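[1] Give me the fold of what follows.
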Amino acid sequence: MHRGLYAAASAMVVQETNLDVVTNNLANVDTVGFRRRVSANAEFSAMMERLEKISEDGETKITTYPPFTMNWKGRQIIGGMALANVYSQSFMDTQPGIIQTTDAPFDVAINGPGFFSVMDGAGNTYYTRQGNFQVDSDGNLVTLDGMTLQGEGGPIALEGASSAEILNNGQVFADGEIVGQITLFTFENPTYLRQVGRNCLIPNQDSGDPVPVDAVRLVTGALEFSNVSVVEEMVRMIEAHRAYEGASKALMTHDEITGKLITSFGRI
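    Here you go, the predicted model:
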């Protein structure tokens, strides 16, 4: 294996993925409740030193070995790729976005940490900061994609009320009577929440399980917009482009040198 070619090629793949993350952030600059993603890279040898095993009880455990001593799939590592980086994963930036007043009766923004719990038609639960809700044909509070907002005891139904409002503590009133309580959830490490599309997040082993927020604090008649900074993302895009071009030139240089070596020693 040509280490120089591999290092340059891996750098190009990393920067290409960084560009995908930046592009996704820019595409959601006006998405309500969107939290930007930040890509993270890892050294190739560090990734190779993580050996994943499944225990007898079905839980996934990762065992880390010291450098150059791990016997991975029966092969003894004799060298490293310290100069080669690989894409590791992306993390969610938990900084809040700007809250703007809309005066819409079912627009709510979360004041502080927490996520709304919503459920799709198949019974899958997701978490989101997107608070522009509406009433569907069944009288339930739903997202723009039709997923039902979950409160204490399940969906919040307005039951054909002529007037309804949401209070800052999450209580929902319909015709002057309480019909539901919006619940918020937080996580031990929310940066690890995984995006699954439609501005929805799901927990995993790294983020921890959802925990109900004790005191619900909302800003009614307002929406929290994304925390994406266009200027910052454009700077990251330019940096990724330049890094990609540099890695591409390094790859071509290694290719030319390798070709000359093959030609020179092939004549001997």
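[2] okay, CA-based contacts and neighbour counts for the rest of this
    Will do.
[3] Doesn't Leu223 lie inside a strand?
    Yes: assessed by DSSP: H, G, I helix; E, B strand; the rest coil, Leu223 belongs to a strand.
[4] ok, how many other residues are close to it?
    By other C-alpha atoms under 10 Å, the residues close to Leu223 number 27.
[5] what about it, distance to Met119?
    Counting by C-alpha to C-alpha, to the nearest Å, the gap from Leu223 to Met119 is 20 Å.
[6] what's the answer for Gly146, then?
    Distance from Gly146 to Met119, by C-alpha to C-alpha: 9 Å.
[7] Which positions in the longest helix along the chain come out as buried?
    In the chain, with assignment by DSSP state H, the single longest helix is helix 230-266. Under the neighbour-count criterion of 16 or more other C-alpha atoms under 10 Å, helix 230-266 has Glu233, Met237, Ala240, His241, Ala243, Tyr244, Ala247, Ser248, Ala250, Leu251, His254 buried.
[8] Show the average pLDDT along that helix.
    The average of the pLDDT scores along helix 230-266 is 86.
[9] 27 is where my numbering starts, stick with that
    Noted, 27 is the first residue going forward, which turns the last one into helix 256-292.
[10] Determine how far it lies from the middle of the whole chain.
    Helix 256-292 sits 29 Å away from the centroid of its parent chain (C-alpha atoms, centre = their mean, to the nearest Å).
[11] list the helices and strands that helix packs on?
    helix 29-53 (3 or more C-alpha pairs under 8 Å, 6 or more residues apart in numbering; DSSP states H and E).
[12] how far is the helix it packs on from where the chain is centred?
    17 Å.
[13] Buried residues, it. List them.
    30-45, 47-48, 51-52.
[14] again, but for stretch 202-212
    By 16+ other C-alpha under 10 Å, the buried positions in stretch 202-212 come out as Val205, Gly206, Gln207, Ile208, Thr209, Leu210, Phe211, Thr212.
[15] picking up where we left off before, would you turn the buried residues of helix 256-292 into a markdown table with distance to Ala135?
    Below are the buried residues of helix 256-292 laid out as a markdown table (distance: C-alpha to C-alpha, whole Å):
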| residue | distance to Ala135 |
| --- | --- |
| Glu259 | 24 |
| Met263 | 30 |
| Ala266 | 33 |
| His267 | 36 |
| Ala269 | 38 |
| Tyr270 | 39 |
| Ala273 | 43 |
| Ser274 | 45 |
| Ala276 | 48 |
| Leu277 | 48 |
| His280 | 53 |
